[in-house]
Every structure is written in C-alpha cells, then in structure tokens.
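**Q** test case, fold it:
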Amino acid sequence: MLCLSGSLRRQSGNTALLRAAAQLAPPSLHFSLHDGLASLPPFNPDEEMAALPTSAAALRHAVGRSDALLIACPEYAHGVPGAFKNLLDWLVGSLEFPGKPVVLWNASARDSHHAQDALREILVTMSACLVEPASITVPLPGSGCDVATILGDPVQPMRIRAALDALAGVLAATPR
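**A** Okay, the predicted model is just below:
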C-alpha cells in the first residue's frame with residue numbers, strides 16, 4: 001500500500017496518521033510512505049510527453065507497484081493543497097493509476113470537508129476505485145500531532161484499525 005500525505009509540513013498530522021496506520025495495520029497490508037511530494041516539479045504536459053522527470057517517474061512506479069493508495073490530505077483555503085494537486089496531475093496520464101483502489105482519510109478535527117469532496121471528484125475523474133468503507137475522518141488535535149499522540153488516544157487506534165480491516169477485506173475480495 002502506498003501512503004500519500006498531502007502535506008509538506010515536517011510535523012504534519014496527516015503524515016503522522018499514515019505512520020500510525022502502518023503500525024496498526026493487519027499483517028496483510030504492507031505500507032510504503034511516499035516522501036517525494038516536495039521534489040515533484042510543476043506539472044507540464046510537454047515534459048510528460050518528452051521524458052518524465054525522475055521524481056514523477058518514481059511516483060508512477062510506486063503507484064504501479066502498490067495494491068492500493070491511502071491518502072491523508074489537509075485542506076487549505078477550502079481546497080486541495082497545490083503541491084498535492086500537482087502530484088495528482090502527474091498521475092492523470094499514467095497507465096498505473098486507473099482502477100487503483102484509493103482510501104481517503106481526513107485528519108481534521110474541524111469541519112473541513114471541501115478538500116475531501118474535491119479529492120473525491122478529482123479521483124473519480126482519474127478513474128480511481130474509491131474504497132468508501134475504509135475512508136474515514138480521524139479528528140486529530142491540530143498541528144504538531146505525532147504518532148505517539150495518535151497511538152495513545154483511547155479511540156483513534158480502534159477507528160484506524162477498523163478502516164484498515166475494511167480495506168484488507170476489499171483487497172482480499174478483489175481479483176488480481
């Protein structure tokens with residue numbers, strides 16, 4: 001499973017959520033956190049047609065190797081952060097992405113549904129297979145939230161495990 005954080009912050013709650021999920025996952029799910037968001041150049045269709053930048057090629061390769069994508073993305077100004085939209089733009093023309101199972105997690109404790117709604121629209125347009133039973137909101141306490149905080153919470157680990165179990169069930173039932 002390829003984990004994609006939509007945040008560039010060093011102390012990102014979204015990234016911490018993905019790291020916590022890796023520790024809580026059932027044995028059938030193997031996690032890899034993509035750490036190349038900041039290295040992707042601005043999407044340019046001309047470059048896509050000529051020779052993919054190394055970072056975009058690495059992203060596509062990682063997507064192709066994964067059974068599913070787990071996305072945790074913040075909301076900025078009621079939308080998807082530009083860097084993460086850029087990542088998705090590099091996947092639009094790829095052969096690796098269409099039909100890929102995708103799980104969306106929202107780590108905001110506030111009413112921040114705009115980015116999630118926009119991501120759903122973008123991903124459906126890109127031919128993703130959204131795994132709704134595993135797509136959840138895990139309300140985290142703002143910036144600076146770390147893996148230990150998430151794992152030490154009395155409720156969040158159960159919510160995360162239930163979502164990961166749902167994903168594992170969907171993947172087990174999907175012919176490859």
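
**Q** only C-alpha atoms for contact and neighbour calcs from this point on.
**A** Noted.

**Q** residue ranges with poor pLDDT in this protein?
**A** 109, 111, 143, 176 (pLDDT under 70).

**Q** where do the strands sit along it?
**A** 2-5, 32-33, 69-72, 101-108, 129-130, 136-140 (DSSP state E).

**Q** relative to Pro45, how far out is the closest residue to Ala148 other than its chain neighbours?
**A** Take Ala148 and drop its neighbours on the chain: the residue closest to it by C-alpha to C-alpha, 6 or more residues apart in numbering is Ala20, 8.0 Å away. Separation of Ala20 from Pro45 (C-alpha to C-alpha, to the nearest Å) stands at 36 Å.

**Q** quick one, which of those two is more surrounded?
**A** Neighbour tally, Ala20 and Pro45, criterion other C-alpha atoms under 10 Å: the higher count belongs to Ala20, 20 against 12.

**Q** hmm, who's touching the longest helix seen in the chain?
**A** Secondary structure of the chain per DSSP state H: the longest helix is helix 156-173. By C-alpha atoms under 8 Å, 6 or more residues apart in numbering, the residues outside helix 156-173 that reach it are 21, 24-26, 28-29, 67, 103, 131, 133-136, 138, 150-151.

**Q** now do it and strand 101-108, the angle between them.
**A** Calculated by axes from the mean of the first three to the mean of the last three C-alpha atoms, to 10 degrees, helix 156-173 forms an angle of 170 degrees with strand 101-108.
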